[in-house]
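Visitor: build the 3D model from these lines:
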Amino acid sequence: MTGFARLGENVRGGVVMLEKVDLSKEIKKSDYKELIEPLSLKVGELQREIRQLGIPVIIVFQGWDAAGKGSLINLLLLALDPRGFSVHPIIRETEEEALRPYMWRFWTKLPARGRIAIFDRSWYGKVLEGRVLKRYKRAEWTRAYEEITSFERQLTDDGTVILKFFLHISAKEQQKRFELMENNKATSWKVTKLEWRNHNLYDQYVPAIDEMLAQTDTDFAPWTILEAHDWRFATIKLFSRISDALANKIAEVKQQRESSEGLKKAGKPKGKPIHGKDARLTSSIIDKLDLSLTMDHKNYKKKIEKLQDRLRTLEHEVYKKRLPVIIVYEGCDAAGKGGNIRRLVQGLDPRGYNVIPIAGPNDVERQQHYLWRFWREFPKAGHIAIFDRSWYGRVMVERIEGFCHEDEWRRAFREINEMEEHIVNFGTVINKFWLQIDQEEQLRRFQERQNTPFKQWKITDEDWRNRGKWDDYKLAVDEMLFRTSTSYAPWTIVESNCKMFARIKVLETVINSIEGKL
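Guide: Below is the predicted model:
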């Protein structure tokens, strides 16, 4: 059917022109009846296939007030199995959401593999309104669109289908619909001063929407404009676009799996978990460390009490100033992460911090993007989150053990940097610690654990097995530090052969970073 192009016919010089959209498009009632039933059946059939294949789907509805978003969503839901979708109406942020990084509320609503999430408005609404009402400067809303684009790219790289629809009507048509709704007792409540205010700003919204569409219309998450004067035309276009996109993704996934099965039968490996060193990594960061650094017990006791007192004072300042703080612990097995964390929180109010131990993902977590479980744990403003291991497992243990493909862990460097930049832009203080010991010290600690009854739970066969992969881990750690130590979220390497030295260094670093932010 003609007239169902995405945005191409409405783009001039890279900017989408809403004024060029032909709003006179319509479908006759008889044609609609002929088209809608097979399209509805097809969409329902495709939903069953994406469930079987584990493909997550996100459908976003944006558009003018009174353009018919609710009606179109209702028609779409009638074609779907209600057990396979969730609808998220996005209104103004709650107090809890406002205390988190902007994208937190959307990460927590992502669909599991095989499910559909439908957003009635989305991550675009607040940015668009903030721009038109001049709450944001150009640099702020431009950065917001960059963060949104990286969010959508991360999801689609992980296999999610994202479909974005903008329902377009003219200012004259919007006014007409508002007046009809106001004159109907059943719908008059839908038209408030806010809707009329936005209507009066219609001409200011148009160029802002044009630029939003142009900046965020990508091959991986395209926009489709729905000409919404005629609801039949908008419905058929909506169903056609969804049907085409799902069918294409299903075909792509099936082809990928057939290729993967073919490689298995041929006995060819999917890829090496450890790859050659980057040419820029000509020397090891780990090898340059001075692990002989130490501290005597008397000096340690004197320093640690003062530092813990200072951190306790700062915890109250963090709460009063609504400053979110994230502290990440990574390191060699037996490097002393647990003991270090205990000394860090020893003097803190337990209501102001949370320690999050990270193990391998469970069955629920494996049904989501690998960063999903970490986004859910990010602290609200005024609180401290301490991660005992973290999202960096993607580029270490998952890389080394082959739990993810090479393209996935290589992509993770960029995704992690983007995520950390997003939370820092929100105002978060982030400290990342890598605790390093040498092989001799690790062996001594392993043996001590094995020979001490109340410490035996700390040592497992997996720890001994990982020790045998010391060189592989060193290569992965060097690359991780090289690629993810940024100006906004730098790594601090902690020489940890001496536990007392390591604890003091971590405390001093955390205190300095919080004081600097305050």
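Visitor: care to break this structure down by domain?
Guide: Annotated domains of the chain cover 15-260, 286-517 [automatic domain parsing].
Visitor: immediately after the lengthiest helix in the chain, which helix or strand?
Guide: The longest helix of the chain (DSSP state H) is helix 231-265. Per DSSP states H and E, the first helix or strand lying C-terminal to helix 231-265 is helix 297-320.
Visitor: one step back: okay if I get the domains of the chain as JSON lines plus mean pLDDT and mean neighbour count?
Guide: All C-beta spots, glycine's among them, are computed from the backbone N, C-alpha and C. Output for those, formatted as JSON lines (pLDDT from 0 to 100; neighbours: other CB atoms under 10 Å):
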{"stretch": "domain 15-260", "mean pLDDT": "95", "mean neighbour count": "17"}
{"stretch": "domain 286-517", "mean pLDDT": "94", "mean neighbour count": "17"}
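Visitor: so what's the closest residue in space to A144 that isn't next to it in sequence up against?
Guide: Nearest non-adjacent residue to A144, counting by CB to CB, 6 or more residues apart in numbering: V127, 4.5 Å away. Counting by CB atoms under 8 Å, 6 or more residues apart in numbering, V127 makes contact with Y136, W141, A144, Y145, I148, M212.
Visitor: what do you get for E96?
Guide: Contacts for E96 (CB under 8 Å, 6+ apart) come out as K380.
Visitor: what's the helix or strand for it?
Guide: Going by DSSP H and E, E96 is part of helix 95-98.
Visitor: counting by contacts, list what the next helix-or-strand element following that helix packs against.
Guide: Following helix 95-98 in sequence order, the next helix or strand is helix 104-107 (DSSP H and E). Identification of packing neighbours for helix 104-107 by 3 or more CB pairs under 8 Å, 6 or more residues apart in numbering; DSSP states H and E yields helix 372-375.
Visitor: helix or strand right after the helix it packs on?
Guide: strand 384-388.
Visitor: so what strands line up beside that next one?
Guide: Here strand 384-388 is paired, per DSSP bridges, with strand 325-331 (parallel), strand 353-357 (parallel).
Visitor: what angle sits between that strand and helix 297-320?
Guide: Interaxial angle of strand 384-388 relative to helix 297-320 (axes from the mean of the first three to the mean of the last three CA atoms, to 10 degrees): 130 degrees.
Visitor: please, which helix or strand holds the residue nearest to A144?
Guide: Using DSSP H and E, V127 falls within helix 125-132.
Visitor: ok now that helix, how far from the chain's centre?
Guide: Centroid separation for helix 125-132 versus its chain: 21 Å, with CA atoms, centre = their mean, to the nearest Å.
Visitor: which residues touch the helix or strand following that helix?
Guide: For helix 125-132, the following helix or strand on the C-terminal side (DSSP H and E) is helix 138-157. Identification of contacts with helix 138-157 by CB under 8 Å, 6+ apart yields 56, 58, 102-103, 106-107, 110, 123-124, 127, 130-131, 136, 162, 212, 215-216, 218, 220-221, 369, 371, 411, 415, 418, 421-422, 425.
Visitor: what's the answer for stretch 174-191, then?
Guide: Residues outside stretch 174-191 that contact it (CB under 8 Å, 6+ apart) are W64, D65, A66, A67, I169, E195, W196, H199, Y202.
Visitor: now do stretch 494-502: everything it contacts.
Guide: Residues outside stretch 494-502 that contact it (CB under 8 Å, 6+ apart) are 289-295, 297, 300, 304, 331-332, 335-336, 339-340, 433-438, 441, 505-506.
Visitor: please apply the same query to stretch 444-462.
Guide: D333, A334, I437, D463, W464, R467.
Visitor: narrow these to those in helices?
Guide: D463, W464, R467.
Visitor: excluding chain neighbours, what is closest to the last one?
Guide: In space, R467 comes closest to Q442 once its chain neighbours are excluded; the distance is 6.6 Å by CB to CB, 6+ apart.
Visitor: between the strands paired with strand 384-388, which one is closest to R48.
Guide: Evaluated over those, closeness to R48 peaks at strand 353-357, with 36.8 Å, by CB to CB.
Visitor: ok, the most far-flung residue of the chain relative to its centre to G336 distance?
Guide: No residue in the chain sits farther from the centre than K298, which is 45.5 Å out by CA atoms, centre = their mean. Separation of K298 from G336 (CB to CB, to the nearest Å) stands at 20 Å.
Visitor: name the element V494 belongs to?
Guide: Residue-wise, V494 maps onto strand 491-495 under DSSP H and E.
Visitor: between that strand and strand 325-331, how many degrees?
Guide: Relative orientation of strand 491-495 versus strand 325-331 (the same axes, to 10 degrees): 50 degrees.
Visitor: going forward can the numbers begin at 18, since that is how I track them
Guide: In the new count, where the first residue is 18, that last one comes out as strand 508-512.
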